[in-house]
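Student: coords please:
(3 chains)
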Amino acid sequence: MTGAELEKARAEILALRREIDKYNYQYHVMDQPLIVDQLFDHLMRKLQELEKTYPELQDPDSPTRRVGGEALPTFTTLEHRIPMLGLENAFSETELTDFDARVRKLAGNDAVEYFCELKMDGLAVSLQYEHGLFTRGSTRGDGYRGEDITQNLRTIRQIPLRLTEPLDLEVRGEVYINRKDFDILNRQREDQGLPLFANPRNTAAGSLRQLDPRLAAARPLRIFLYGLGEHNLSLTGQSELLVRLEKLRLPVNPNREICLGIEAVWQYCQKWQGNRPKLPYETDGIVVKMNSLELQKQLGSTARSPRWAIAYKYPPEEKMTKILEIQVNVGSTGAITPVALLEPISLSGTSVQRASLHNEDFIAEKEIMIGDTVVVRKAGEIIPEILRVIREKRTGDEEVYMMPRQCPSCRSETVRLSGEAARRCLNPSCPALLVEKLVHFASRRAMDIEGMGPAMAELVYSHGLVHDVGDLFYLEAIQLAELPRVAAKSAEKLIEAIERSKNNPLRRLLFGLGIRLVGEKAARLLAERFITLERLGQAGTEELTALAEIGPKIAESVVSFLHTAETKPVLDKLREAGVNFTEPAVCTATANLAGKTFVFSGSLEQYSRDEAAARVENKGGKVSSSISRNTNYLVVGDEPGSKLARARELDVEIIKESRFKEMIE
DNA sequence: ATCCCTCGAGGTCA
DNA sequence: CTCGAGGGAT
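Tutor: Sure, this is the predicted structure:
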């Protein structure tokens, strides 16, 4: 092969790629096919052949390489350098007006220029481009870290693998599926005898979580981009930003508008609420942002959401159905919760068959009877909720419901402690309660023992292998494999998972023990303060109450748990088995401030400068005494000095003590 | 009074 | 994935 030949091939390949990218864009983003499909396929085949002949000319951003690579064994997580926060919700005009009032107060008194766009009912994702090349993409996750779904995102034809400019940029948007495409997909599945999908949103979510990108490629995923993460574009307004994204050939929703003042926003909301069924995709509301990026920055964010934006949510669909029966569940705290079993109805795209009745006061207040016809809706489009009874529909066959006086599991008497809404089973050896405790102990946020879900917990308990969480650590694979429907392989895996869990930090153990009122937050606080379980055990209520955010109730609950007769044997078993009872001083998993430099100005309420500095360094960050371009955050306390102005000059992010506290915790 | 945590809830898809 | 009631802390 001569050099000239290679050069010729290179030129041809580049031209082909550019051409295909153009047609792709016209077809998938602009919805205006410029050429017939056969011609497009022909070009693709030609490119594929050329790339096969000249492997040295392969390129990861070639249109032939959208579906590449192997199925992943598992997803890895990616950190969002700038958190992907959710939005606060507004459910009425009043709540929008309240939002407007807050914004005007913070930004000055004029009518605010708002940027309104449709809220897509899909999944938020982040796309990273380096020098204009698509390198990484992830889900929103908890807002701070998401899953790396690069391979799947690459299969979405609307996402350019190369931008029209060589920019470093993180764009954020929503992946969704058109209603029509969803119907076609379901018809295909019907033909293939596969189970049908329930709605576009969950299908999109499931598709992005496919480990094999070829499966994701077969789903009709689409995307609209609407925001930025890290970037260095210079822009002044939200609407300008979207135009800029369009120029980069990123797909952007055209149904957007600038509205001057909140009345105009409300009209926009109503207009699109009316037009909702006409849209080719599903929307669940309107996103309202301040258009000025300058003002956005000025208003900043709270821990969970920006102050300069709100999501107006359309009122949820309501339907009538019948209560067939009322069931009671026993929770891991002994709380007995009634649940209504409903005649199945379809609501917001899913089938609804159950709804929580919370407690007996709820039932009494709504005057709910078995057999009643009730109005149901999905709160936030997710959780089924009973709104009210239609009394006119009563036939006289309805039955009054009484919460059971005896625990459905162990028959011991249920009681309602004064001041509590829940009726509880107080029998510490109630089977339902013990199984729930096992499940909680093994759950992901607690000891994270994979394979010990409700079914397995029930199995090992009912076969007498495990009576409390301490017994878990004495299980043997052989015992498990003898249980019905448990294979040798899964038995071994479970034993391994149990073994691994011995190394968990104390906070997970504390949380897992299921001490009343001690959730993740309190468990962590206690673990970090006392370091070992022994030292926590020596603490009295006064010492605990002295801690911020631990009051008398939590303190009492902790002390009584640790000293009650039932606890000791469990802790002995855990200790004997070699379960870790200490909290590691520096947790590398949370060393999330690596490479970040902090500067303080003004006095902090909760920490001395030294303490604050120690916390930052503990997490891998650095503290400096003067502001420079390299400073990542200025933490301002009471009466900040000249550093504040300097930080504004240099565009250093300014955070309050509360935000700082979150970062170091 | 307010903010935020705890706890229990449902449905879908992997 | 997400909500809502209850309740603790301040």
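Student: ok, the closest residue to A:Q32 other than its chain neighbours to A:E117 distance?
Tutor: Excluding the flanking residues, the one nearest A:Q32 by CB to CB, 6 or more residues apart in numbering is A:Q26, at 5.3 Å. Backbone N, C-alpha and C define where each C-beta goes, glycine included. Counting by CB to CB, to the nearest Å, the gap from A:Q26 to A:E117 is 23 Å.
Student: do the same with A:G380
Tutor: Counting by CB to CB - A:G380 and A:E117 are separated by 20 Å.
Student: ditto for A:Y401
Tutor: Taking CB to CB, one finds A:Y401 at 46 Å from A:E117.
Student: these two: which is more packed in?
Tutor: Neighbours were counted for A:Y401 and for A:E117 using other CB atoms under 10 Å; A:E117 has more, 23 against 20.
Student: may I have the residues that are in contact with the more buried one?
Tutor: Residues counted as contacts of A:E117 (CB atoms under 8 Å, 6 or more residues apart in numbering) are A:Y226, A:N253, A:N255, A:R256, A:E257, A:I286, A:V287, A:K289.
Student: quick one, phi/psi of the second one?
Tutor: Here is the backbone geometry of A:N253 (degrees, to the nearest 10): phi -70, psi 120.
Student: do A:E230 as well
Tutor: phi -70, psi 140.
Student: and it, what pLDDT?
Tutor: Per-residue pLDDT puts A:E230 at 89.
Student: need the residues of the stretch 401-550 of chain A near DNA strand B, please.
Tutor: A:H440, A:G514, A:I515, A:R516, A:L517, A:V518, A:G519, A:E520, A:K521, A:A522, A:A523 (CB under 7 Å from any atom of the strand).
Student: so what touches stretch A:234-244?
Tutor: A:115, A:226-228, A:233, A:252, A:256, A:258, A:289-294, A:296.
Student: now with 6 Å, please.
Tutor: Residues from elsewhere that reach stretch A:234-244, judged by CB atoms under 6 Å, 6 or more residues apart in numbering: A:F115, A:V252, A:I258, A:K289, A:N291, A:S292, A:L293.
Student: of all those residues, which two lie farthest apart?
Tutor: A:V252 and A:S292 (19.1 Å; CB to CB).
Student: pull the CA atoms of the helix or strand encompassing A:D572 into CSV?
Tutor: A:D572 is located in helix A:567-577, with elements delineated by DSSP states H and E. Provided in CSV are the C-alpha atoms of helix A:567-577 (Å, rounded to 0.1, in the frame of the first residue of the first chain):
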residue,chain,number,x,y,z
THR,A,567,-29.1,-6.5,72.8
LYS,A,568,-26.1,-8.0,74.6
PRO,A,569,-26.1,-11.5,73.1
VAL,A,570,-26.5,-10.0,69.6
LEU,A,571,-23.5,-7.7,70.1
ASP,A,572,-21.5,-10.6,71.6
LYS,A,573,-22.2,-12.7,68.5
LEU,A,574,-21.2,-9.9,66.2
ARG,A,575,-18.0,-9.2,68.2
GLU,A,576,-17.1,-12.9,68.3
ALA,A,577,-17.6,-13.2,64.6
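Student: please identify the buried residues of it?
Tutor: A:T567, A:V570, A:L571, A:K573, A:L574 (16 or more other CB atoms under 10 Å).
Student: need those in a markdown table with pLDDT and distance to A:V466, can you?
Tutor: Listed next are the buried residues of helix A:567-577 as a markdown table, based on pLDDT from 0 to 100; distance: CB to CB, whole Å:
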| residue | pLDDT | distance to A:V466 |
| --- | --- | --- |
| A:T567 | 92 | 17 |
| A:V570 | 94 | 11 |
| A:L571 | 95 | 16 |
| A:K573 | 95 | 11 |
| A:L574 | 96 | 13 |
